[in-house]
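# what would the 3D arrangement of this be:
(one chain, ligands or ions: 2)
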Amino acid sequence: MENKFIQKCNTLEDTKKLACKFAQLVKESGCFVNLFGEIGAGKTAFVRLTAEALGVKEKVTSPSFVILNEYHSASIPVYHFDLYRLENVGISTIADELREYSEGKKITFVEWAEFSQGELPFERIEINVTYDDDDSRVYEFSSIGKKNNYVIEGLKK
Ligand SMILES: Nc1ncnc2c1ncn2[C@@H]1O[C@H](COP(=O)(O)OP(=O)(O)O)[C@@H](O)[C@H]1O
Ligand SMILES: [Mg+2]
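Ligands and ions are numbered 1, 2, ... in the order given. This is a model prediction of the structure:
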């Protein structure tokens, strides 16, 4: 089974539609989501739009300086990590802690910069965001482990 879904979003409005669809798919069971892409690609934008679609009432901002933001105003808790600052420390140091955030009914987003492509030892969705020009972005979704294949299948519909 193909476990990838690729969507080109020409405008922020297109990205919002994609995020709404994603939110509908993950809002019952939860999901651990890893986002890759250079600075300004649209990782935080996707997290914000998904959180809003889930019903998060607070303002969703980049957690670059605090590492983790959490939101408890939607029907499912939303956690948002930005590991940009852990560049030199490595993924292995935090993998065990992240695993806890991949379990149970919650949605966890982890923003990761290009350089830290790391293997995590649990099932997840990976989203790779690339720039085209102007407001155009390409979002590529992969499911790692079969638990999340339904998300990819749902996005295709
Ligand atoms: N189609 C689009 N999808 C996502 N973001 C877009 C799009 N068009 C323009 N943008 C803008 O690009 C910027 C992406 O920044 P951000 O999400 O903070 O990037 P990252 O978290 O990857 O560093 C935001 O200012 C957003 O409004
Ligand atoms: Mg960001």
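
# what number of residues lie near the nearest residue to Ser102 once chain neighbours are set aside?
Once flanking residues are discounted, Ser102 sits nearest to Phe32: 3.8 Å by Cβ to Cβ, 6 or more residues apart in numbering. (C-beta placed from N, C-alpha, C; glycine too.) When neighbours are counted by other Cβ atoms under 10 Å, Phe32 registers 26.

# Phe32 contacts Thr108, doesn't it?
Yes - under the criterion of Cβ atoms under 8 Å, Phe32 makes contact with Thr108 at 5.0 Å.

# got any residues that touch both of these two?
Contact criterion Cβ atoms under 8 Å, 6 or more residues apart in numbering; residues shared by Phe32 and Thr108: Leu98, Tyr101, Ser102.

# what sits against the first one?
With contacts defined as Cβ under 8 Å, 6+ apart, the neighbours of Leu98 are Phe32, Phe81, Thr108, Val110, Leu120.

# could those residues be laid out in CSV, adding secondary structure, pLDDT and distance to Glu153?
Below are those laid out as CSV (DSSP: H, G, I helix; E, B strand; the rest coil; pLDDT from 0 to 100; distance: Cβ to Cβ, whole Å):
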residue, secondary structure, pLDDT, distance to Glu153
Phe32, strand, 96, 18
Phe81, strand, 91, 26
Thr108, strand, 97, 21
Val110, strand, 92, 23
Leu120, coil, 82, 22
